[in-house]
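*Asks:* I'll drop the sequence and a predicted model, then ask my questions.
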Amino acid sequence: GENVEQHPSTLSVQEGDSAVIKCTYSDSASNYFPWYKQELGKRPQLIIDIRSNVGEKKDQRIAVTLNKTAKHFSLHITETQPEDSAVYFCAAMGGGATNKLIFGTGTLLAVQP
Amino acid sequence: NAGVMQNPRHLVRRRGQEARLRCSPMKGHSHVYWYRQLPEEGLKFMVYLQKENIIDESGMPKERFSAEFPKEGPSILRIQQVVRGDSAAYFCASSPISSTGGSGNTIYFGEGSWLTVV
């Protein structure tokens, strides 16, 4: 089955700097790659997603890139702000009948003011 | 659109009791997923259901755990004879009709049910 690895597990940046979180997946049939932000005690919230027919997608300060050949995808946050501090999860969804998301282990992002 | 509704938000059970967690998907969504999140860990897939069908239960423990999504009413995750290790946040999520490459893939999470076993 699908396996998703996520790095780094923790990331500390200064306010205004950029943050990059990277994920790899194992199932070449996976075709949907969302990113979720989870604050302490809250639900995971979808912040951006990308599908396998697209290489890059951007939404204001957030961008996601996908390299299907290498089975890599990354989250880029520019001009980070203290409110970006949270745990970020990547996920991959297979292209077969099992329409489930497999999550990475999460990255704790701390933005220092 | 009310979003994915879960209840109870917090549940305390003594060891050996049963826990029932309920989930109503977003309006128009026919797919329900349950995930478990242990303290300071990631989201682990448990089960994927459509109305009256279990599609994938590969993440469910073999004993004490069961899930259903009846024709009428919410999806229910049932944990029998709870143990301390069952203490976790249980998140339900839903999505529209499955379709590869389309908006059907987008999955939205509920607020979660926090189970504490004492």
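*Replies:* Received, thanks.
*Asks:* what residues does chain B put near chain A?
*Replies:* Contact residues (Cβ under 8 Å from any Cβ of the partner chain) of chain B with chain A: B:31, B:33, B:35, B:41-45, B:48, B:55-56, B:58, B:91, B:93, B:95, B:98, B:100-101, B:105-112. C-beta coordinates here come from the backbone N, C-alpha and C atoms, glycine included.
*Asks:* Quickly list what the residue nearest the centre of chain B is bridged to.
*Replies:* By Cα atoms, centre = their mean, chain B has its centre lying nearest to B:Trp34, at 3.0 Å. Per DSSP bridges, the residues bridged to B:Trp34 are B:Val47, B:Cys92.
*Asks:* Which residues are in contact with residue 60?
*Replies:* This is for chain A. Listed by Cβ atoms under 8 Å, 6 or more residues apart in numbering or on different chains, the contact set of A:Gln60 is empty.
*Asks:* my question was about chain B
*Replies:* B:Met60 neighbours (Cβ under 8 Å, 6+ apart): B:Met46, B:Val47, B:Ser66, B:Ala67.
*Asks:* Next, the buried residues of the helix or strand containing the third one.
*Replies:* Meaning B:Ser66. Using DSSP states H and E, B:Ser66 sits within strand B:65-68. Buried residues in strand B:65-68, counting neighbours by 16 or more other Cβ atoms under 10 Å in any protein chain shown, are found at B:Phe65, B:Ala67, B:Glu68.
*Asks:* any idea which of the residues you listed is closest to chain A?
*Replies:* When these are ranked by distance to chain A (Cβ to the nearest Cβ), B:Ala67 comes first, at 13.2 Å.
*Asks:* How about that closest one: which residues does it bridge to?
*Replies:* B:Leu77.
*Asks:* Can you name the residues that contact it?
*Replies:* B:Trp34, B:Met46, B:Val47, B:Leu49, B:Ile54, B:Glu57, B:Met60, B:Ser75, B:Ile76, B:Leu77, B:Arg78.
*Asks:* could you flag which of those are buried?
*Replies:* Neighbour counting with 16+ other Cβ under 10 Å marks B:Trp34, B:Met46, B:Val47, B:Leu49, B:Glu57, B:Met60, B:Ser75, B:Ile76, B:Leu77 as buried within these.
*Asks:* near chain B, which residues of chain A?
*Replies:* Residues of chain A lying near chain B (Cβ under 8 Å from any Cβ): A:1, A:31-32, A:34, A:36, A:42-46, A:49, A:51-53, A:89, A:93, A:95, A:97-106.
*Asks:* Might you report the residue contacts of the closest residue to A:Cys23 other than its chain neighbours?
*Replies:* Spatial nearest neighbour of A:Cys23, excluding adjacent residues (Cβ to Cβ, 6 or more residues apart in numbering or on different chains): A:Cys90 at 3.8 Å. The contact partners of A:Cys90, by Cβ under 8 Å, 6+ apart, come to A:Val4, A:Gln6, A:Ile21, A:Cys23, A:Phe33, A:Pro34, A:Trp35, A:Phe73, A:Leu75, A:Phe103, A:Gly104.
*Asks:* Go through these and say which is closest to chain B.
*Replies:* A:Phe103 (4.5 Å).
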